Every structure is written in C-alpha cells, then in structure tokens.
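Peer 1: how does the following fold in three dimensions:
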Amino acid sequence: MDSIKYRYLFYLMILVLVGNLSSLTGVILRPEIHYFAVEHFIVGGTTCFFILPVFIVIEFFLRKNQEAKVEKKVTHEKVYGYGWQLAGIWTIIVFASLAWNITMHKQRTTNIALTQASTVFDESMILYDWAKNHRGIFVPISDHSRPSPYLKDIAEHRARTDSGRRLMMVTPEQLFRKVYDKQANGFNPYIHMTSLEPLRPENAPDPWEETALKTFQNGNDELHAVEEIFGKKYLRLMRPIPSGPGCLECHPSPQGSGDANIRGGISVSIPLAPLFAMSKLDIFMFCMAHGTLLLLGLMGTFLGMNRLSESIREREQAEFTVRSIIENMFEGLITLNDRWRIESCNPAASEMFGYSRVEMLGRRIGSLVKVSHDGQKTENLEPVDTPMLAKALGSPMELTGERKDGSHFALEISFSEMFRPPHLYIAMVRDITERNMANQALLESQARIIKQEKLASLGTMVAGIAHEINNPAQAISFSMDGLKMNIEYVKKLMMELKKYMTAESPTLEEERERLRRVLEEVDMDLVLESIDDIATRNIKSVERIDHIVKSTKRMAHSDEVFSPCDLNTIVHDAVVLTHNQVKYDLEVVMNLAPHLPRFQGLAQELGQVFMNLIMNARDAIREKGLSRKDGRINITTSYNGKRKCLEARFEDNGTGIKKEFINKIFDPFFTTKDIGNGTGLGLNLCHRIIDTHGGEIVVESEEGKGSCFIVRLFL
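Peer 2: Reported below is the predicted structural model:
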C-alpha cells in the first residue's frame, strides 16, 4: 500500500513539473510574458492531458504485475518489449502534442492577424465614412494631384480659392487609395478598394477579391483567408461597402443589378511574415519543452522498465528459490482451498501419503488425515472434521495419516491461513513415527537414568541409615559386656544369698559373714548404678534407631495419590537421613516455623527434593574448601501469606553459581561437576517433582558467596 502511495506522489510531482515546464522555460526565454499567463496554462494543461494516459498505462502494467491471480505472468524479458512499446506511444504522444501546440499557435497567430485586419478595416471605414459624409474634399492641383477625368461630369469637381488657387475634388475612394497605397511596402497592411464594375482598370479585383465580391451578392458579409501576395503570406479580409446617394454620382446603378446597395468592397491584407517571425521563438520554446519532456519520458520509461525488470527478475529468483525449497523439503506442504480440498502439494507430501501429485489434487484433507475418538491408534479411525482442523491453526496437532495402501502412521499437522484472495489454508504435515519412537526411547532412557539417580540417592541414604543405625547398635553392643559383667556380680550375690537362706543354724553366722564380704567385694551400689546407666543409654539408642526407622519408613512410603503432608516433618526427615553424609562437612541449622498448614502432596518425592538440595549444598561447601566449623546450611520454613504458599529455603555458603549458569541448572543433563561426579538430573528431577505439586523452585545465587534454593508449595 505504501508503494502505491509513493507511486501516486511521483505521478503528481511529474505532472506538476510538466505543467509548469512552459512557464519555467518562458521565465528564461520570454521574461516579458507573465508566469501565470493564459497561454502557459493552456500549454501546461494540454501537456498534462497527454502525459496522463502514459501514467495510466504504466500503472496498469504495474498493477497487472502485482496481481496475484493473473494467469499469464509477465517475465522480465517481456518488460523491455513493453518498454519499447510504451516509449513509442510516448514519442507519438509528445510529437502529437508538439504538432497540436504548433498548429494551435499558428491558429492563434492567424486570429491575431484577423483581429488586426478587422481593426484596420474599421479604421479605414471611419475615414471613408467621414469623407463620404462630406461628399469629398478639395485639394490644390499639383503635379502629383491632377483632376480625375472620371469626375468631369460633376459640375463641382473643381473650385478656386479667393486668392485664385485652383482646387480639385478628391472623392472618398480617391482619398482612400492615396492614404493606404503609401503603406503597401510588404510590412504594413495592404488595403484595396474594388468592385466587380470598376471605373478604373487598376481598381479591378484580383481572383480572390472577385470571388469575395460574388459571395457578397449572395448575402455574405465577410470573407477571410490566407493567400500569397507578392510571393508572401498574407491574411486577407474583405467586407462589402454599402452604396449611398453620393456613390451613384460616380457609379450609376447598371440595369439589371441584383443589389444596388452593394457596389464594391474593401480588402485588407495583413502580412504574416512579422507575426510568423515572432512566433518562431514560441515554437522553439515548444520544441525545447517537448524535447525535454520526450527525453524525461523516455528516461523515466526505460529506468522504470529497468527497475520493473529487476523487480520481476528478483521475484522470479525468489519464486524459484521458494519453489526449490518447497520441492526439496523433507516435510509435506499442502495448500487447501476454503472447502478444505487440496490445490497443490510438494513431493514430500505426496510421497508421505503414497499418492502421485496428480492424485492428491482435489482430495479432501479428511481422506488423508484420521482421528480416533476412543484412543485406539489404528482402529475405529474417522476422517477429521473442519472444527478439529481449525484447532490446528497456529499450533501443531498429532493425528493419524492414512496412506494409499491403507497403512497408518503418526502424523503432526499444523495450519496457517492466507486471507488474500483466493482464501487458502497452508498445511504442514510431518511423519513423526521415528520421532515418537525416538521420544519413547528417550523417555525410557531418561526413566532409567532417573531410576539410577534415585537408586544412587537411595544407596547414599541407605548407607547413611546403616551408619546412623550402626552407631546406637554398637553402643548397645558395647554396653552389653558391662551389663553382662554386672549381671555376673548379681548372680554371685544371689548364689551367696541362696546359700545363706538355706544354711543351718550353726553355720548361719558364718554364711552371713561370707555374704557381707561378697557385698563389699561386688560393690552392689556401683553395679546397680551401672546397670541403670546402661539401661538408660540403651533405651536412648533404641529410640534413636526407632526414630531413624520411622523417618526411613516415611521417606520410603511411595503413594501415587496426594495425601495431607506436614512440611516440617518432611524437612526434618530429610535432615535426619542425610545427617551421616553431611555431619563431617557442615553444620545444619534449622529454623522451622511451628503450626504450618498441611498441604496435599507426596511426602517421599518432596523428601527426595530436600535431600538433593542438602547434598548439593554439601558438595558446594566441599568445593569451596570450608571446614565443618565454617560450612553452614540454614534451612527455614515459613508461610507466605501474600502468595498463599509454604516456603522452604535451603541457604548455604558454598561456591555459588555463575550468572551464565543460573538459567540452565534445571535443564536435564546439565551439571557443573566433574565427569563421573554427577548425571545432571538431580535438579531437573527436583524441578519436575515441584512442578508436579503445582509449586515452583527458584534459586538466588552469587558466585563465591553461596546459593539459596527456595521451594514454594501453593495451598
């Protein structure tokens, strides 16, 4: 649309320039003529009138080239042929305009001469009427003015002054000839009074005047034409002279005269040579203007044709490139009309469905693309309907394709819509059989790796649990030796007491003394105190083992259905189960908010997330080289009332994460650890678990200062 606006603006600028070309040329060559003179408007308007069809032809070709549905395309080779035709038309128009302007200018020159002749005739008639009204005038007789023999019958044709000077009568006709014969020099108007019956032979009419006089007898009152006199061009004008009473004295009406009121006429001849000499400059201006216009037009035509040819060549090259790309695409490309019938397709699409390109044309897309409403992949397939296809506009949809031989394959199809006439749909089809197989293999591989990751975590956890259980178990085992020894003392005391109880009276005193010595030897108070201490310590060890076992059972309990969970319990169990792995590297500081609301979730999955975060914190602190005294992880739980979620923060003072890695740490298989020390699935697994719970996990980190992982679980 913008190109059309600019084109119209260009046309307007050219028309304005051409319309003012005559005025601009006149400013230089004819400065005495006003810029806004009428003749400039006539020339400029006429030129614009002739150039306008050229622009219409150019616009027609441009529009024709831009039409999308033209059956016969204009190639760049044909453009130059059109250019030569247009140049020929333009040349003809310019020369026709020049010829018309010159003709009109000559006509205007002739009109000027005619106006001048009419003016001279009117002036001469004023003189003639004045002399006629005075019935002639008297002038002195001299060698140059002799009495006319044609007035001898008039009594008063001679007179004498009081001083005796002789006078003669000069008739209006004689006066007329004497005055205007002086101007007959080839540059001034030539005036001749004549009639069909002249008294003087020299007043006889020439052939043109004779013709004019005869037309006057037929009722005409004027005749003008361009004739040659003395070998030069003259504008001749002749009008009749009505006869009056004074005329009949010299020119009596002959018998049988048809019109006694018209006895002759006056012809005025205006030399055209001076006017033609003046018009040569104007004609030169016309030639210069039209030559410039012709040159500009030809230059504009060929430059425009060259640009148009380049544009068409670029379009052809672009079409060839696009066609080559489409023909060599691995994906199928199908164009459909508004009735969802195939209008064209590339080789990949026809090969995909097993049809030839000719067989594909006109088929409904529903005969190639099927859908199963009961979830079966190759059974109970139905053709897709228009509403379902409309869902694929702008976004891909997975359906089932049906080949010519009846076999089926997984298909991904997406549509785009072209609203320019004709209304078309463009379908991109892809055979995703191999992709689905690859995705399935990838999912299986990823599942195996995740399982291995879980097993590795489980192995780490089991080793920690075994170590945690082994410590109290060893304590119990060590205390058993002391307990056994103390039990021997008790047994010895009991045996002596039994002897004392069964002794006879004579030996009773002796047995009592022995019992007293045994009591002193055994130190029964110390034995009882030792037994009590062992029992207390063993009870604590058993409680410790029970606590570990319960935490393990909670973490090992895998429910597939969300159930009410307590965030603090899950965090505490994760700390317990990772205690053995981190106790030599860092200090765990917990700040758990009491009375947190319960939420729906999977405790075992979330526990694995928290254990992963704790172990990652340990690795970061180890990498930084901090001692257990300096390494620290702060675990905080809280309720975020503003966002209505539970938050668990795991903040360490390890190495931190580089800024360029922040957005990649949750990607699968991304790890900053050395080869063999990590799979890159730990944080990705954490992200997937939190995402399954409808929550989010984010990280705030500064390289060299530590990281803070924030888990948000929305209620």
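Peer 1: partner strands of the helix or strand Glu700 falls within, parallel or antiparallel?
Peer 2: Using DSSP states H and E, Glu700 falls within strand 696-702. As defined by DSSP bridges, the strand partners of strand 696-702 come to strand 706-714 (antiparallel).
Peer 1: just the CA trace of the helix or strand where Ala648 lies, in PDB.
Peer 2: Using DSSP H and E, Ala648 sits within strand 645-652. The C-alpha trace of strand 645-652 is given here as PDB (Å, rounded to 0.1, in the frame of the first residue of the first chain):
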ATOM      1  CA  CYS A 645       2.100 -20.700  49.800                       C
ATOM      2  CA  LEU A 646       4.500 -22.600  52.000                       C
ATOM      3  CA  GLU A 647       8.200 -21.800  51.600                       C
ATOM      4  CA  ALA A 648      11.300 -23.900  52.300                       C
ATOM      5  CA  ARG A 649      14.600 -22.200  52.000                       C
ATOM      6  CA  PHE A 650      18.000 -24.000  51.800                       C
ATOM      7  CA  GLU A 651      20.700 -21.400  52.000                       C
ATOM      8  CA  ASP A 652      24.400 -22.400  52.000                       C
END
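Peer 1: for the stretch 401-550 of the chain, just list every one of the helices.
Peer 2: Per DSSP state H, counting those that start in this stretch, the stretch 401-550 of the chain carries helices over the ranges 433-502, 508-522, 524-556.
Peer 1: re earlier: what packs against the helix or strand following the strand holding Ala648?
Peer 2: As assigned by DSSP H and E, the chain's next helix or strand after strand 645-652 is helix 682-692. Counting contacts by 3 or more Cβ pairs under 8 Å, 6 or more residues apart in numbering; DSSP states H and E, helix 682-692 is packed against helix 433-502, helix 603-624, strand 696-702. All C-beta spots, glycine's among them, are computed from the backbone N, C-alpha and C.
Peer 1: same thing but at 6 Å, please
Peer 2: helix 603-624 (3 or more Cβ pairs under 6 Å, 6 or more residues apart in numbering; DSSP states H and E).
Peer 1: what's the helix it packs on in contact with?
Peer 2: 555, 557-558, 565, 570-571, 573-574, 578, 582, 585-586, 631, 633, 650, 652, 654-655, 682, 686, 689, 709 (Cβ atoms under 6 Å, 6 or more residues apart in numbering).
Peer 1: which of the residues you listed are buried, as a ChimeraX select command?
Peer 2: Those of those that count as buried under 16 or more other Cβ atoms under 10 Å are selected in ChimeraX with:
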select :555,565,570,571,573,574,578,582,585,586,631,633,650,652,654,655,682,686,689,709
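Peer 1: low-confidence ranges in the stretch 301-450 of the chain?
Peer 2: Low-confidence segments of the stretch 301-450 of the chain (pLDDT under 70): 372-392, 394, 420-421, 446-447, 449-450.
Peer 1: same thing with the stretch 601-715 of the chain?
Peer 2: 669-670, 672-681.
Peer 1: one more time with 90
Peer 2: 601-612, 615-616, 619-620, 622-630, 640-644, 654-694, 701-705, 715 (pLDDT under 90).
Peer 1: distance check, Ser142 against Ser195.
Peer 2: 28 Å (Cβ to Cβ, to the nearest Å).
Peer 1: neighbour count for these two, which is higher?
Peer 2: Counted by other Cβ atoms under 10 Å, Ser142 and Ser195 do not tie: Ser195 has more neighbours, with 21 against 9.
Peer 1: quick one, phi psi at the more buried one?
Peer 2: phi -160, psi 170 (degrees, to the nearest 10).
Peer 1: also Gly354?
Peer 2: According to degrees, to the nearest 10, Gly354 has phi 80, psi 10.
Peer 1: can you tell me the closest non-neighbouring residue to Asp566?
Peer 2: Leaving aside its chain neighbours, Asp566 sits nearest to Arg598 (5.7 Å; criterion: Cβ to Cβ, 6 or more residues apart in numbering).
Peer 1: and Glu123, which of the three is it?
Peer 2: Here Glu123 is recorded as helix under DSSP: H, G, I helix; E, B strand; the rest coil.
Peer 1: count the neighbours of it for me.
Peer 2: 13.
Peer 1: list the helices and strands the helix or strand Ala131 falls within packs on?
Peer 2: Using DSSP H and E, Ala131 sits in helix 76-133. Applying 3+ Cβ pairs under 6 Å, 6+ apart, one finds that helix 76-133 contacts helix 38-66, helix 172-180, strand 232-242, strand 262-271, helix 273-327.
Peer 1: quick one: closest of these to Arg339.
Peer 2: Comparing the helices and strands packed on helix 76-133 against Arg339 with Cβ to Cβ, the closest turns out to be helix 273-327 (22.6 Å).
Peer 1: next one: the closest one to chain centre, how far?
Peer 2: Relative to the centre of its chain, helix 273-327 is centred 30 Å away, using Cα atoms, centre = their mean, to the nearest Å.
Peer 1: now that helix against helix 76-133, angle please.
Peer 2: Using axes from the mean of the first three to the mean of the last three Cα atoms, to 10 degrees, one finds that helix 273-327 and helix 76-133 are set 160 degrees apart in direction.
Peer 1: which strands and helices lie in contact with helix 273-327?
Peer 2: Contacts defined by 3+ Cβ pairs under 6 Å, 6+ apart place helix 273-327 against helix 2-29, helix 76-133.
Peer 1: pipe those helices into TSV and attach distance to Ile614 and mean pLDDT per row.
Peer 2: Formatted as TSV, the helices and strands packed on helix 273-327 follow (distance: least, Cβ to Cβ, whole Å; pLDDT from 0 to 100):
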stretch	distance to Ile614	mean pLDDT
helix 2-29	63	69
helix 76-133	72	78
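Peer 1: Pro422 is nearest to which of those helices?
Peer 2: Per Cβ to Cβ, nearest to Pro422 of the helices and strands packed on helix 273-327: helix 2-29, 21.6 Å.
Peer 1: re the thing from before, any chance of the helices and strands packed on helix 273-327 in TSV, with distance to Leu613 too?
Peer 2: As requested, those are exported to TSV (distance: least, Cβ to Cβ, whole Å):
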stretch	distance to Leu613
helix 2-29	58
helix 76-133	68
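Peer 1: need the nearest residue in space to Ile689, chain neighbours excluded.
Peer 2: Leaving out its chain neighbours, the residue that sits closest to Ile689 by Cβ to Cβ, 6+ apart is Glu605, at 4.7 Å.
Peer 1: cool, Ile621 as well?
Peer 2: Spatially, and ignoring its direct neighbours in sequence, Ile621 is nearest to Gly631 (3.9 Å; Cβ to Cβ, 6+ apart).
Peer 1: was I right to think that neighbour contacts Tyr584?
Peer 2: No - Gly631 is not in contact with Tyr584 according to Cβ atoms under 6 Å; the separation is 9.7 Å.
Peer 1: now do the buried residues in stretch 118-134.
Peer 2: In stretch 118-134, the ones that count as buried by 16+ other Cβ under 10 Å are 118, 120-121, 124, 128, 131-132.
Peer 1: which residue is the nearest non-sequential neighbour of Thr91?
Peer 2: Per Cβ to Cβ, 6+ apart, closest to Thr91 is Leu294, 6.4 Å.
Peer 1: now do Met397
Peer 2: According to Cβ to Cβ, 6+ apart, the nearest residue to Met397 is Ile413 (5.8 Å).
Peer 1: tell me how far that neighbour lies from Val43.
Peer 2: For Ile413 relative to Val43 (Cβ to Cβ), the value is 66 Å.
Peer 1: same question, Phe709
Peer 2: 87 Å.
Peer 1: what does Arg108 give?
Peer 2: Distance, Arg108 to Val43, using Cβ to Cβ: 11 Å.
Peer 1: just Leu17 next, same as before
Peer 2: 14 Å.
Peer 1: try Glu59
Peer 2: According to Cβ to Cβ, Glu59 and Val43 sit 25 Å apart.
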